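got a predicted model here, sequence first, then my questions.
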Amino acid sequence: MGVYKNRLITGVRPKDEEKVETLREVIMPNDRMGDIPGEYREQHLAFLEQYRKLESERKRLGLIGLKAHVLSTLERNPVLVELAQGKMDGALSFFTGSNSFIIESMEELQMPQIDKVKMLVRELLGGDISGHADDHVERVALLAERFASECSEPVNLQEVLLTAWLHDVDDYKLVGKAQAEKLTNAVNIMAQAEVVNSLSQAVLENIAAIGYSKRLNGRQPQRLAGQIVSDADMCDAIGAVGIERALVYACYHGGRIFDPAVWPNVNLAAHEYNADGNTHDTDGFINHFFEKLLKLKGLMLTEPGRIEAKNRQQIMVDFLSHYFREKNAPEWSEFLEEYLRR
């Protein structure tokens, strides 16, 4: 029974439901543990413990149950089974347009590579105090997983999570431009985690196109997994957490918080925004809202991202409105209103 009960994790098949009911009537007619013969009780308890662990894993990974449910459906199609046998190493793959949606075997759905990647990323970024620490990366991963579950199109969850956890390990603000372009840390981490080459290349393609400065240069992710992570990353830069991160970053660099005499450059070009990885002349905590943060809502690539960004945008607008009023800076209040009308 425990074996079939575990199908609740992977997507219950009709024939399994029938078997569970038949077994239940035979060994647990009154639906009590005491009904189970003594020689089978220990085995049943072991099955239940396995089920508990699998359910915990399902909750942590979110979309795994959905993926496996699709797998169980595909398993019943003789043509697809025959196509997969001996050719795809235990995986069923089908393609929709330019996006590949890969349903892997249940062992692979445990995604051990993710745990290894998490550990290595935390070791690398755990000491960062510039606003790009591992807590930021973890928030992006959780938000990206949520966006993936809300998207109308299928997406490879493993690609989403790997991209999310690795998207900042080669950020130019942390490692400099030369290493950032090579994605050295991402390559090394995935090699240590033994991520398969096809998946590794997809993740690298995503990371190479994620970031505000890259958007200023006309680059953006083309794969859905990359678009999801891009939206999650930008959403973590706005809203209440975004306000906190912007303040931490300004303090870390010894920058100004607010100077009423220094107005933001709302039309910063890419070379001005990140010239040699340094801050620009008008950079500062408050100016950063106008030079970048309030623009991010318009850069979302997915519908879940657009919905989340709209909510977080309002939090920033409310903060700035209160801030300028309490700072007795009516000219800045007017500037904010004019900026939002554009």
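Right, received. Where do you want to start? Numbering: from 1, shown residues only.

I figured Gln192 was touching Leu120, is that so?
Yes: using C-beta atoms under 8 Å, Gln192 makes contact with Leu120 at a distance of 6.2 Å. C-beta here means a position set from N, CA and C on the backbone, and glycine is covered the same way.

more neighbours: which of those two?
Set Gln192 next to Leu120 and count neighbours by other C-beta atoms under 10 Å: Leu120 wins out with 19 against 13.

so where does the nearest residue to the more buried one once chain neighbours are set aside fall, helix or strand?
Leaving aside its chain neighbours, Leu120 sits nearest to Ile189 (4.7 Å; criterion: C-beta to C-beta, 6 or more residues apart in numbering). Ile189 is part of helix 184-192 when elements are defined by DSSP states H and E.

packing partners of that helix?
Helix 184-192 is packed against helix 112-125, helix 157-166, helix 197-207, with contacts defined by 3 or more C-beta pairs under 8 Å, 6 or more residues apart in numbering; DSSP states H and E.

now do 7 Å
Counting by 3 or more C-beta pairs under 7 Å, 6 or more residues apart in numbering; DSSP states H and E, the packing neighbours recorded for helix 184-192 are helix 112-125, helix 197-207.

and those as CSV, adding distance to Val160?
Below are the helices and strands packed on helix 184-192 laid out as CSV (distance: least, C-beta to C-beta, whole Å):
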stretch, distance to Val160
helix 112-125, 10
helix 197-207, 9
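
pick out the shakiest of these, pLDDT-wise.
Least confident of these, judged by mean pLDDT, is helix 112-125 with a mean of 91.

what helices or strands is it leaning on?
helix 134-150, helix 157-166, helix 184-192.

what is the burial count for the closest residue to Leu293 other than its chain neighbours?
Leaving aside its sequence neighbours, Leu293 sits nearest to Ile238 (C-beta to C-beta, 6+ apart; 5.4 Å). A count of nearby residues for Ile238, using other C-beta under 10 Å, gives 26.

gap between the nearest residue to Lys327 once chain neighbours are set aside and Gln313?
Nearest non-adjacent residue to Lys327, counting by C-beta to C-beta, 6+ apart: Phe258, 7.0 Å away. Using C-beta to C-beta, to the nearest Å, we find Phe258 at a distance of 20 Å from Gln313.

give me the domain ranges for this protein.
Per automatic domain parsing, the structural domains of the chain span 2-61, 111-341.

so which of these is the most packed in?
Per-stretch averages of neighbours, counted by mean count of other C-beta atoms under 10 Å, single out domain 111-341 among the domains of the chain, with a mean of 18.

how close does Asn185 sit to Leu125?
Counting by C-beta to C-beta - Asn185 and Leu125 are separated by 9 Å.

Lys214 should be in a helix, yeah?
Yes: according to DSSP: H, G, I helix; E, B strand; the rest coil, the state of Lys214 is that of a helix.

skip the chain neighbours and tell me the closest residue to it.
Gln220 (7.2 Å).

now the helices for the stretch 201-342 of the chain?
Ranges of helices in the stretch 201-342 of the chain, per DSSP state H, counting those that start in this stretch, are 212-216, 224-235, 239-252, 270-273, 285-291, 303-326, 330-341.
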